[in-house]
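Novice: I'd like to go over a predicted model; first the sequence, then the structure.
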Amino acid sequence: MKNPTQGNAAPIVPPRPQGRLKAALDSDIFYSWRRSPVTIIATVVALALILMAVLAPWIAPYDPFDPSSLNLMDGFTPPMTENQFTGSTYLLGTDNQGRDMLSSIMYGSRISLFVGAMATAFAITLGVSLGLVAGYNGGMIDGVIMRIADIQLSFPGILIALLIFGIARGVIPANQQESMAIWVLIIAIGLSNWAQFARTVRGATMVERQKDYVSAAQIMGVHPFLILLRHVLPNVLGPVLVIGTIGLALAIIEEATLSFLGVGVPPTQPSLGTLIRIGQQFLFSGEWWILLFPAVTLILLALSVNLLGDWLRDALNPKLR
């Protein structure tokens, strides 16, 4: 027999996209964003630099890594100055090989963002996984993971990345080192930054483990992996997003530092750090633009992402709303 209450029940209508957009615009996070001029400027700058890097193959005036398009007679052309030999004019000038600096910065930002984003994603994945396991299980597993994290945090991240990069260079065959350099750099930066994510997630997991919904899932016989994945993980992601945003800026700077030291990406795929290293060689000979423009781009990119991370930390903190 049909339940009479079932016929009167209203059907469940999924929320419309317009309703979701209105809810997002009315949220506390968007209100906090539009009330902060510094955050708005940081968002615009970060989006402009990211789009410039992503769309570099289509919007860059030249391909700076195509040897057939280079003319050594265009070398050392100052910004917005006509070259006396070729008559060409470049907005940000050229380097010693005649490469357009604007195009080089676009392609260099593309590599720096890719390495920074992939290294941060790797660090988050590793750190969150180990933090969940340590916080939920406790005991010896927790002790071993946290002691490894403590040991790693006692050393500067750049030294750990240099060590990992050096070990990888000794293991990988010489004919594959250049093709694997970017991925080795991603792993090196990621392994040097996972500990902070693990410690944060471990502390949040220990708090969530004591709550009733976790106890109820355990009584129902839910597998611990599903408890961590479906119940605990969504409740510990807030701090991870904040640290991850700030960690992205640090990973970009760390990649630039390694490339500046000559142990980063190969010369055939120069990043912002490599461009800065090249420009540093000509700073005192008068070609200041080769160093200045990549350095300013790196500063703007790291600073804008860092400011967004600071804003996200305050926006997700109920005590600061």
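Specialist: Received it, and whenever you're ready, just let me know what you need.

Novice: so how far is Ile278 from Val54?
Specialist: Val54 sits 23 Å away from Ile278, going by C-beta to C-beta, to the nearest Å. (Each C-beta comes from the backbone N, C-alpha and C, glycine too.)

Novice: between these two, point out the one with more neighbours.
Specialist: Between Val54 and Ile278, Ile278 has the larger neighbour count (other C-beta atoms under 10 Å), namely 20 against 15.

Novice: give me phi/psi at the more buried one?
Specialist: phi -70, psi -40 (degrees, to the nearest 10).

Novice: confidence score at it?
Specialist: Note on Ile278: pLDDT of 89.

Novice: over to the one 5 residues further on?
Specialist: Looking at Leu283, its pLDDT stands at 83.

Novice: any idea how far the nearest residue to it once chain neighbours are set aside is from Asn317?
Specialist: Distances taken as C-beta to C-beta, 6 or more residues apart in numbering place Leu291 nearest to Leu283, at 5.1 Å, with adjacent residues excluded. For Leu291, the distance to Asn317 equals 39 Å [C-beta to C-beta].

Novice: now swap in Ala174 and tell me
Specialist: Ala174 is 50 Å from Asn317, by C-beta to C-beta.

Novice: between those two, tell me which one has more neighbours.
Specialist: Asn317 (12 against 7).

Novice: separation between that one and Leu248?
Specialist: From Asn317 to Leu248 the distance is 20 Å (C-beta to C-beta).

Novice: do the same with Val240
Specialist: For Val240, the distance to Leu248 - C-beta to C-beta - is 12 Å.

Novice: Thr77 now?
Specialist: Distance from Thr77 to Leu248, by C-beta to C-beta: 34 Å.

Novice: what does Val265 give?
Specialist: On the measure of C-beta to C-beta, Val265 and Leu248 end up 17 Å apart.

Novice: cool, Arg110 as well?
Specialist: 15 Å.

Novice: those two - which one has more neighbours?
Specialist: Neighbour tally, Arg110 and Leu248, criterion other C-beta under 10 Å: the higher count belongs to Leu248, 25 against 21.

Novice: surely the more buried one forms part of a strand?
Specialist: No: looking at Leu248 with DSSP: H, G, I helix; E, B strand; the rest coil, it is helix, so not inside a strand.

Novice: now it, nearest residue through space, not along the chain?
Specialist: Per C-beta to C-beta, 6+ apart, closest to Leu248 is Thr120, 4.7 Å.

Novice: helices or strands next to the helix or strand that contains the one you found in the packing?
Specialist: Element membership of Thr120 [criterion: DSSP states H and E] is helix 101-137. Contact partners of helix 101-137 among helices and strands, from 3 or more C-beta pairs under 8 Å, 6 or more residues apart in numbering; DSSP states H and E: helix 37-54, helix 56-59, helix 139-153, helix 177-191, helix 194-208, helix 233-260, helix 272-280, helix 289-315.

Novice: how about those in TSV, adding distance to Ile105?
Specialist: As requested, these are exported to TSV (distance: least, C-beta to C-beta, whole Å):
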stretch	distance to Ile105
helix 37-54	8
helix 56-59	9
helix 139-153	33
helix 177-191	18
helix 194-208	30
helix 233-260	13
helix 272-280	7
helix 289-315	5
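
Novice: which of those helices has the highest mean neighbour count?
Specialist: helix 272-280 (a mean of 23; mean count of other C-beta atoms under 10 Å).

Novice: now that helix against helix 37-54, angle please.
Specialist: Inter-element angle recorded for helix 272-280 and helix 37-54: 90 degrees (by axes from the mean of the first three to the mean of the last three C-alpha atoms, to 10 degrees).

Novice: just the CA coordinates of helix 272-280, formatted as CSV?
Specialist: Provided in CSV are the C-alpha atoms of helix 272-280 (Å, rounded to 0.1, in the frame of the first residue of the first chain):
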residue,chain,number,x,y,z
LEU,A,272,62.5,33.0,-14.5
GLY,A,273,65.4,31.9,-12.3
THR,A,274,67.5,31.1,-15.3
LEU,A,275,66.7,34.4,-16.9
ILE,A,276,67.7,36.2,-13.8
ARG,A,277,71.0,34.2,-13.7
ILE,A,278,71.7,35.2,-17.3
GLY,A,279,70.8,38.9,-16.6
GLN,A,280,73.1,39.0,-13.6
